[in-house]
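Q: Kindly return the folded structure for what I paste below:
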Amino acid sequence: MPTALLSVSNKTGLVEFARALVAEFRFELVSSGGTARALGEAGVPVREVSDYTGAPEMLGGRVKTLHPKIHGGILARRDQESDRQDLQAQQIEPIDLVVVNLYPFEDDPRIEQIDVGGPTMVRAAAKNCAFVTVLVAPAQYESCLAELRRNGGVTTLPFRTACAAAAFERTAGYDRAIADWFASQPVQTPQVLPARLHLDLQQVQPLRYGENPHQAAAWYQSGTTPTGWSTGRILQGKALSFNNLIDLEASRRLVAEFTDAPAAVIIKHTNPCGVAAAQTLSDAYRRAFEADSVSAFGGIVALNRPCDAATAEQLSQTFLECIVAPAFEPEALAVLAAKKNLRLLELADLSAAPVFDIKPISGGFLVQQPDPPVQTTADWKAVTRQQPDPETLAELLFAWKVCKHVKSNAIVVAHRHCTLGIGAGQMNRVGSARLALEQAAEKAKGAVLASDGFFPFDDTVRTAAAAGIRAIVQPGGSLRDDDSIRACDELGVAMVFTGLRHFLH
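A: Predicted structure coming up:
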């Protein structure tokens, strides 16, 4: 009679699987703790580990499966006479199937959730996959039953080998999560970034291709528990592409800056082309679209409020690739259903930022903390005779939030909480300013301007003043700040220094 050892934290599908093992394949089941109780209460015959080993559970359950009868039964090589003699001498029965999923440390990181016996059994069974089958997730139960049915109650070596690979992948990810948690705990000399960084990535889905059709690509989530985009719901439309996801993340980061009022963001190739905040979501989107209706074609839209019917009516008037919002009202879905290829994504938490920003370089990676949201003007310093009033400060804060998400060198011209012109990625700052001001045209008169970096010369100030800009926000910190301040005073422009820059490369 074959023997199966079952010890699982996640009881999903356990009873049905165990019942099939007994009824169809005459397995003897050995189990402990909550797993044994769940099986017993369901009427499935099971032996307690303590009865099987003759040793009681100890230390509040910390020691129960760490016993020679357990590990001898798992690790014995059935084709070696010496191993068979050892089993006979110690009265140990071979264990043919090990079903273990680990304490949910990733969901509840603390010392008592660090599984010891579970990973030990999993690794032992995986090592001895020549004879033992190991399962580490409920999703494997059906495939195991199908394998047993195909092969007269036994599993094949290819199946056991594949299970062993999954087992070692699981224990490796589990250990990485524990190591990362310990590294994050306060110490006497805390490090902002860990000395050793482990990436535990699990594929969500393959993508048709990467940035270009000749590049293979796939989408991965960090850890085993879905977070961020992996928790989103695709409500309609074509499958997401690599470039869609890159643009969606750029849109999420920007729209998350705005919490106090309805806001809409339109992204094209990771840069915003229109951003607005207003009293209603439909008004915010309309103004964002009108800021640069040409670039909005084929863009990605992010909304910080549930999409309503009025906003959906406007969204349906142009070609868009994707729309993401915390929710979609049924009336909005009905309107947008006519656009069958339009991707609609529901992401409840738009503020869920990554723990690290990671960029690959040859031979390794660069890692940094994400640039946090801009929340206040409290630390800003007005440096000109012309002082910005509260309304102007609010306008500057809006422009500053947008500028933070524009590729450097970045200039944003805005008025009444709506972008009018955006200059991105130019090799010199005055070039970005000219692009933004040309796009704003006559609307630049009375508007404000934000720059992600300081002004090394006063030419940007003079260019902005000539277009009618009334106030400027920039980090400050140039050796020639005084030149820009004097130019502002001469031209009647208010300027504030944030003391903080927001480069984006």
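Q: A348: how many residues sit nearby?
A: Neighbours of A348 under the rule other Cβ atoms under 10 Å: 11. In short, each C-beta sits where N, CA and C put it, glycine included.
Q: Now it: closest residue in space that isn't a chain neighbour?
A: P326 (5.5 Å; Cβ to Cβ, 6 or more residues apart in numbering).
Q: and T133, how far is that from V406?
A: 55 Å (Cβ to Cβ, to the nearest Å).
Q: again with P68
A: Relative to V406, and taking Cβ to Cβ, P68 is found at 65 Å.
Q: same thing with E313?
A: 29 Å.
Q: domains of the chain?
A: Domain ranges of the chain: 3-181, 226-346, 381-497, per automatic domain parsing.
Q: Mind telling me which of these the model trusts least?
A: Ranked by mean pLDDT, these end with domain 3-181 at the bottom, a mean of 84.
Q: before we move on, back to that, am I right that the residue nearest to A348 is in contact with P306?
A: Yes: using Cβ atoms under 8 Å, P326 is in contact with P306, at 5.8 Å.
Q: about what we covered before: out of the domains of the chain, which comes closest to P194?
A: Closest approach to P194 among those is made by domain 3-181 (7.1 Å; Cβ to Cβ).
Q: now the helices: where do they sit in the stretch 251-400 of the chain?
A: 281-291, 293-296, 309-315, 330-336, 390-403 (DSSP state H, counting those that start in this stretch).
Q: Redo these as JSON lines? Include mean neighbour count and distance to N101.
A: Output for the helices of the stretch 251-400 of the chain, formatted as JSON lines (neighbours: other Cβ atoms under 10 Å; distance: least, Cβ to Cβ, whole Å):
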{"stretch": "helix 281-291", "mean neighbour count": "22", "distance to N101": "43"}
{"stretch": "helix 293-296", "mean neighbour count": "16", "distance to N101": "47"}
{"stretch": "helix 309-315", "mean neighbour count": "20", "distance to N101": "43"}
{"stretch": "helix 330-336", "mean neighbour count": "17", "distance to N101": "37"}
{"stretch": "helix 390-403", "mean neighbour count": "22", "distance to N101": "44"}
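Q: Now distance to E24 too, for those, in a markdown table please.
A: As requested, the helices of the stretch 251-400 of the chain are exported to a markdown table (distance: least, Cβ to Cβ, whole Å):
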| stretch | distance to E24 |
| --- | --- |
| helix 281-291 | 56 |
| helix 293-296 | 60 |
| helix 309-315 | 52 |
| helix 330-336 | 45 |
| helix 390-403 | 62 |
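Q: So for P109, which of those helices sits nearest?
A: It's helix 390-403; of the helices of the stretch 251-400 of the chain, that one is closest to P109 (Cβ to Cβ) at 32.8 Å.
Q: by contact count, what packs against the closest one?
A: Contacts defined by 3 or more Cβ pairs under 8 Å, 6 or more residues apart in numbering; DSSP states H and E place helix 390-403 against strand 271-277, strand 411-414, strand 419-423, strand 448-451, strand 471-474, strand 494-497.
Q: buried residues in the longest helix along the chain?
A: The longest helix of the chain (DSSP state H) is helix 157-184. Residues of helix 157-184 classed as buried by neighbour count (16 or more other Cβ atoms under 10 Å): 159-160, 163-164, 166-168, 170-171, 173-174, 176-178, 180-181.
Q: Closest to I358 out of these?
A: Out of those, the member with the shortest distance to I358 (by Cβ to Cβ) is D180, at 13.9 Å.
Q: show me the contacts for the closest residue to that closest one other than its chain neighbours.
A: What sits nearest to D180 in space, not counting adjacent residues and going by Cβ to Cβ, 6+ apart, is H198, at 6.0 Å. Contacts for H198 were tallied using Cβ atoms under 8 Å, 6 or more residues apart in numbering; they are 176, 179-180.
Q: Neighbours of P206, how many?
A: By other Cβ under 10 Å, the residues close to P206 number 11.
Q: shouldn't it be in contact with A218?
A: Yes: with contact defined as Cβ under 8 Å, P206 and A218 form a contacting pair (4.7 Å).
Q: Start from the N-terminal end of the stretch 101-250 of the chain and give the helices.
A: Secondary structure of the stretch 101-250 of the chain (DSSP H, counting those that start in this stretch): helices located at 117-127, 141-150, 157-184, 242-255.
Q: Remind me what the longest one packs against, helices and strands.
A: Counting contacts by 3+ Cβ pairs under 8 Å, 6+ apart, helix 157-184 is packed against helix 117-127, strand 133-135, helix 141-150.
Q: tell me the angle of that helix relative to helix 117-127?
A: 140 degrees (axes from the mean of the first three to the mean of the last three Cα atoms, to 10 degrees).
Q: I'd like the numbering to begin with 22 instead of 1 from here.
A: Shifting the count to begin at 22 puts that one at helix 178-205.
Q: can you state the direction angle for helix 178-205 and helix 162-171?
A: Using the same axes, to 10 degrees, helix 178-205 lies at 160 degrees relative to helix 162-171.
Q: can you give me how far helix 178-205 is from the chain middle?
A: 20 Å (Cα atoms, centre = their mean, to the nearest Å).
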